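**Student:** Could you look at this predicted model? Sequence included:
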Amino acid sequence: ARINFVTVIPLRLNRLDTPIAAFNISLANKADNGIVGSVRSMSAIVNLPQCRFSNQEVMVNVTNNTGGPGPEQKSFDNPICRFKRGLISIVSNANDVRQTLNLGYKLTNLQPNTEYDVVYRIGSEESNPLRIMTSSPMDFNNIDVGFSGRSGAMVVITVLLSIAMVVLIIILIVSVFVRT
């Protein structure tokens, strides 16, 4: 007798009342954007939605870890995709060339040491919930500044540079008088 086995592979188990995320969101990448950190004690920087949502209004929903409402965030129009773009901009003026680096959307009014879920809503589509944890601020009085006095090496370097500067000025003055 031959026995046939049927293998059942569930492709996705999802509760009926849980919507499937249409797109993913993430925190602004520290390495790519050159920022110190994307999560701080009272704010966080989240990447913008994909280019297919250009020129559409983005609603930002923040809930705290208990499921209650978090701080209200302003909605924004997703910028047109040209280069990396965003609502947080760093502008650099060097040699009369203006360079703008856009980072992402800044969540504000968050509480320190609190966990939040962030969701973007664009039309009828919703992003995956992004869980973030704000950091605890450190009291500036507790920061160890190390040795606050001058080290011996700093004094030696300062004296040597001062002597070198005086010698160069004397050589410049002598060379001007010798030439004439």
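**Tutor:** Sure, I can see it.

**Student:** Quick check: Gln111 touching Met42?
**Tutor:** Yes - if you go by C-beta atoms under 8 Å, Gln111 and Met42 touch, sitting 7.2 Å apart. The C-beta positions use only the backbone N, C-alpha and C, and glycine is treated the same way.

**Student:** what's the overlap in contacts for those two?
**Tutor:** Residues touching both Gln111 and Met42 (C-beta atoms under 8 Å, 6 or more residues apart in numbering): Thr134.

**Student:** residues near the nearest residue to Asn64 once chain neighbours are set aside, how many?
**Tutor:** Sequence neighbours aside, Gly70 is the residue nearest to Asn64 in space, at 4.9 Å (criterion: C-beta to C-beta, 6 or more residues apart in numbering). Neighbours of Gly70 under the rule other C-beta atoms under 10 Å: 21.

**Student:** Walk me through the domains of the chain.
**Tutor:** Domain segmentation of the chain under the TED database yields 35-83+99-138, 148-179.

**Student:** worst average pLDDT in those?
**Tutor:** Of all the domains of the chain, the minimum mean pLDDT falls on domain 35-83+99-138 (a mean of 82).

**Student:** residues touching Cys81, list them.
**Tutor:** So Cys81 contacts Cys51, Ser54 (C-beta under 8 Å, 6+ apart).

**Student:** secondary structure class for it?
**Tutor:** Secondary structure for Cys81, judged by DSSP: H, G, I helix; E, B strand; the rest coil, is coil.

**Student:** Please report how far the residue nearest to Asn64 lies from Ile132.
**Tutor:** 10 Å (C-beta to C-beta, to the nearest Å).

**Student:** what sits in contact with each of the two?
**Tutor:** With C-beta under 8 Å, 6+ apart as the test, Gly70 and Ile132 both reach Tyr116.

**Student:** My guess is the residue nearest to Asn64 contacts Tyr116. True?
**Tutor:** Yes - at 5.3 Å, Gly70 counts as touching Tyr116 under the criterion of C-beta under 8 Å.

**Student:** so what sits against both of the two?
**Tutor:** Val62, Thr63, Asn64, Leu110.

**Student:** wait, isn't Glu126 in contact with Asp117?
**Tutor:** No - if you go by C-beta under 8 Å, Glu126 and Asp117 don't touch, sitting 11.9 Å apart.

**Student:** Arg52 - that's part of a strand, no?
**Tutor:** No - Arg52 is assigned helix when assessed by three-state DSSP, not a strand.

**Student:** How about the contacts made by Asn78?
**Tutor:** Asn78 is in contact with Leu48, Pro49, Phe53, Ser54, Asn55, Gln56, Glu57, Val58, Ile122, counting by C-beta under 8 Å, 6+ apart.
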